[in-house]
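K.L.:
Only the shape, not the letters, is given here:
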């Protein structure tokens, strides 16, 4: 009796059919791109919120100098504080997105280096290959 035993692949169900080298490569590339876009958007949001907070501070100073009702000046200062809180939070999200981008790029690179040769060899042979798990031994 042979040591080769057919086994199911036990791969997670993939939307759009069975998982493949090209689908996983495309998904990791898409994840990397989305994380990069999120990171850039968060840094842009941080810059905008800091600029708007500075304008709120300047407006509050002008209102104080113009002897505007303190209640309204206080609201403007609160708005500036809230804008700074958004800037701080967007910085944290941008750093997290940067880490996701780095990790996704690492996954993509590892996937390419591990399986690109196998994928090219299988496609170059022109022969139908056995299903995943068939060549595993006991």
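P.N.:
Received it, and whenever you're ready, just let me know what you need. What you are looking at is a predicted structure, and each value in this text was computed from that prediction instead of being measured.

K.L.:
Would you double-check that residue 127 falls in a helix?
P.N.:
No - with DSSP: H, G, I helix; E, B strand; the rest coil as the criterion, residue 127 is assigned coil and is not in a helix.

K.L.:
Show me what whatever helix or strand residue 75 lives in is packed up against.
P.N.:
Per DSSP states H and E, residue 75 falls inside helix 70-125. In this structure, helix 70-125 makes packing contacts with helix 21-65, judged by 3 or more CB pairs under 8 Å, 6 or more residues apart in numbering; DSSP states H and E. C-betas here are computed from N, CA, C, even on glycine.

K.L.:
for the helix it packs on, packing partners?
P.N.:
Checking 3+ CB pairs under 8 Å, 6+ apart, helix 21-65 ends up next to helix 70-125.

K.L.:
got the angle for the helix it packs on vs helix 21-65?
P.N.:
With axes from the mean of the first three to the mean of the last three CA atoms, to 10 degrees defining the directions, helix 70-125 sits at 170 degrees from helix 21-65.

K.L.:
Residue numbering should commence at 373 henceforth.
P.N.:
That works, and once the first residue is 373, the last one we named lands at helix 442-497.

K.L.:
Residue 503: what secondary structure?
P.N.:
Here residue 503 is recorded as coil under three-state DSSP.

K.L.:
now this protein, which segments are flagged as low pLDDT?
P.N.:
Scanning the chain for pLDDT under 70 picks out the ranges 373-391, 504-505, 507-510.

K.L.:
hmm, 50 instead?
P.N.:
For the chain, residues meeting the criterion pLDDT under 50 lie at 373.

K.L.:
Distance check, residue 455 against residue 421.
P.N.:
Computed as CB to CB, to the nearest Å, the residue 455 to residue 421 distance reads 5 Å.

K.L.:
what's the neighbour count on the residue nearest to residue 415 when sequence neighbours are not counted?
P.N.:
Sequence neighbours aside, residue 466 is the residue nearest to residue 415 in space, at 5.2 Å (criterion: CB to CB, 6 or more residues apart in numbering). Other residues near residue 466 come to 19 when the count uses other CB atoms under 10 Å.

K.L.:
List the contacts of residue 466.
P.N.:
Taking CB atoms under 8 Å, 6 or more residues apart in numbering, we find residue 466 in contact with 410, 411, 414, 415, 418.
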